[in-house]
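Visitor: With the sequence up front, the predicted model follows.
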Amino acid sequence: LNKRWLNQWKQSPRYARSIVIDPSMPSNKFIKLISSLPKQQTSVYTQLHTCHIPLSHHLHKTNRVDSTHYPTCPGRNKTIYHYLFHCPQYAHERHILFNALRRQATSISYLLISDKATEPLMRFINSTGRVKPTFDEISID
């Protein structure tokens, strides 16, 4: 990677959010993963990595919703972690994801970096319908 670009990236607020998920960001593994994916899936992965996915937490920061909380989870911020691991509204969808990936489904790094997680993760995202207004149905093929 270009050293100048890498230095600019490390100064970005997105870098601080991304390294929580993948400390080696921008990693060759992530670049390899997204290089083989359709543009729509690449966008989803990038938004998940940078915490810019259209969930209440991000939508509140961009003044699109009044609160970071979601009606089904009062008092809880609708963050990526909450969406993927805790939101009771998506318990059934999460169960299917966990059955597909087993123990690895409890790791955000695995979900967002492993090519083996791509199909189950995209199925989870589609089945929740949370990003449908932005991405419509995410292709899985």
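Guide: All right, it came through fine.

Visitor: Could you check the pLDDT of the residue nearest the centre of the chain?
Guide: When C-alpha atoms, centre = their mean is applied to the chain, the residue found nearest the centroid is Leu48 (2.6 Å). Here, the pLDDT recorded for Leu48 equals 81.

Visitor: Distance check, it against Arg4.
Guide: 26 Å (C-beta to C-beta, to the nearest Å). All C-beta atoms are positioned from the backbone trio N, CA, C, and that covers glycine.

Visitor: Next, find the distance separating Asn7 from Thr46.
Guide: Taking C-beta to C-beta, one finds Asn7 at 20 Å from Thr46.

Visitor: More neighbours: the two, which one.
Guide: Between Asn7 and Thr46, counted using other C-beta atoms under 10 Å, Thr46 has the larger neighbour count: 16 against 9.

Visitor: Burial check on the residue nearest to the more buried one when sequence neighbours are not counted, number of neighbours?
Guide: Distances taken as C-beta to C-beta, 6 or more residues apart in numbering place Ile34 nearest to Thr46, at 7.1 Å, with adjacent residues excluded. Residues near Ile34, counting by other C-beta under 10 Å, number 18.

Visitor: and what of Ile53?
Guide: Neighbourhood size, Ile53 [other C-beta under 10 Å]: 24.

Visitor: just to confirm, which helix or strand has the closest residue to it other than its chain neighbours in it?
Guide: Spatial nearest neighbour of Ile53, excluding adjacent residues (C-beta to C-beta, 6+ apart): Gln47 at 4.3 Å. Taking DSSP states H and E as the definition, Gln47 sits inside helix 39-49.
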